[in-house]
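Colleague: okay, here's the prediction I keep looking at, along with the sequence it came from:
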Amino acid sequence: MRLVTWNINSIRLRMGLLRQLTSVMAPDMICLQEIKVDDPLFPLADCQELGYPHVAFSGMKGYNGVAILSKLPFEDVTSLSRCGRDDRRHLAVKLAGGVQVHSLYIPAGGDIPDPEQNDKFAHKLDFLRDMAAWCAATIGPEDKVIIAGDFNVAPLENDVWSHKQMVKVVSHTPAEVELLERFQASADFVDAMRHFVPPSEKLFTWWSYRSPDWQKNDRGRRLDHVWVTPALRAGLRSTLVAREARSWTQPSDHVPVMVDLDL
DNA sequence: ATGGTGGCGCTGCCA
């Protein structure tokens, strides 16, 4: 099974790029984040025309929103609310055979890395705690679960262009990294990308819109992740970051991340 | 130290 996760930053604006992605990579499943469209306006027919008859989506007007496109049939579509908010950041489906696939969009957290001064950072930390508690309570040791999405945290030193210059910048602060690790430990998740790429190697999935020379300076971060439970570890086959997508016409600031695995 | 860009949708909010 080939799975791709992508923060598309408006599905309606980038339907053409989604088509490009499907023709280049031919994924069986696509987890999308930041679709930025209310459910009644979701381009369902367009997604099905791309070869994905099974589509789940949970959107809202203007912000957030997650979706799952699939060639494989699924059931038990669940839109999960986190931190008592209905902000459309977590969607789960179940494939035949019981494998769960989740599309997740963790809050970015604003600019100031202090929960006392910044409600958005407090929300991000709460969201990470919520995920850890929920996974610990609902995922058993034999369960096959894939959680993919924009986690908005770059945990390792080589998940950012400069650990030293980023350690006080939201996305790479110790408080977030520690809670992301707790979330990861809650179901003993395997980081599928780092399963193949050693931690000594830089690996990014996002480059800011604010640096026009993003290729030259390469000041990226690895904000997008695919995690699998131990029951799927032996099935992991390969991973790829579609870095070239950052140079597509009118790109998202995130690029697609692909993982091949046997279920 | 600062400001830099982009999407939504029409005013600032969010990333």
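Modeller: Nice, thanks for sending it over.

Colleague: is the host helix or strand of A:E178 in proximity to DNA strand B?
Modeller: Taking DSSP states H and E as the definition, A:E178 sits inside helix A:174-186. No - applying C-beta under 7 Å from any atom of the strand, one finds helix A:174-186 separated from DNA strand B by no less than 13.3 Å. To be clear about C-beta, it is placed using only N, CA and C from the backbone, and glycine gets the same treatment.

Colleague: can you give the contact residues for that helix?
Modeller: A:109, A:113, A:115, A:124-125, A:128-129, A:131-133, A:135-136, A:139, A:151, A:153, A:155, A:167, A:170, A:189, A:191, A:227 (C-beta atoms under 8 Å, 6 or more residues apart in numbering).

Colleague: which parts of chain A are helices?
Modeller: For chain A, the helices defined by DSSP state H cover A:15-25, A:44-49, A:119-138, A:163-166, A:174-186, A:192-196, A:214-217.

Colleague: out of those helices, nearest to A:C83?
Modeller: Evaluated with C-beta to C-beta, those place helix A:119-138 nearest to A:C83, the distance being 4.8 Å.

Colleague: TSV for the helices of chain A, including mean pLDDT?
Modeller: Below are these laid out as TSV (pLDDT from 0 to 100):
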stretch	mean pLDDT
helix A:15-25	98
helix A:44-49	98
helix A:119-138	98
helix A:163-166	96
helix A:174-186	98
helix A:192-196	98
helix A:214-217	90
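
Colleague: got those as CSV, with mean neighbour count columns?
Modeller: As requested, the helices of chain A are arranged in CSV below (neighbours: other C-beta atoms under 10 Å):
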stretch, mean neighbour count
helix A:15-25, 16
helix A:44-49, 14
helix A:119-138, 18
helix A:163-166, 12
helix A:174-186, 17
helix A:192-196, 20
helix A:214-217, 12
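
Colleague: how about A:A245, nearest residue that isn't a chain neighbour?
Modeller: Closest residue to A:A245 apart from its sequence neighbours, by C-beta to C-beta, 6 or more residues apart in numbering: A:V255 at 4.2 Å.

Colleague: and the one you found, how many neighbours?
Modeller: The tally of other residues near A:V255 (other C-beta atoms under 10 Å) stands at 23.

Colleague: and the gap between it and A:V177?
Modeller: 22 Å (C-beta to C-beta, to the nearest Å).

Colleague: for A:L240, which non-adjacent residue is spatially closest?
Modeller: Using C-beta to C-beta, 6+ apart, the closest residue to A:L240 is A:M258 (4.5 Å).

Colleague: wait, the one you found touches A:V4, no?
Modeller: Yes - counting by C-beta atoms under 8 Å, A:M258 touches A:V4, with 4.9 Å between them.

Colleague: overlap in contacts, the two.
Modeller: A:25, A:27, A:242.

Colleague: got the phi/psi numbers for the second one?
Modeller: With angles defined as degrees, to the nearest 10, A:P27 sits at phi -70, psi 150.
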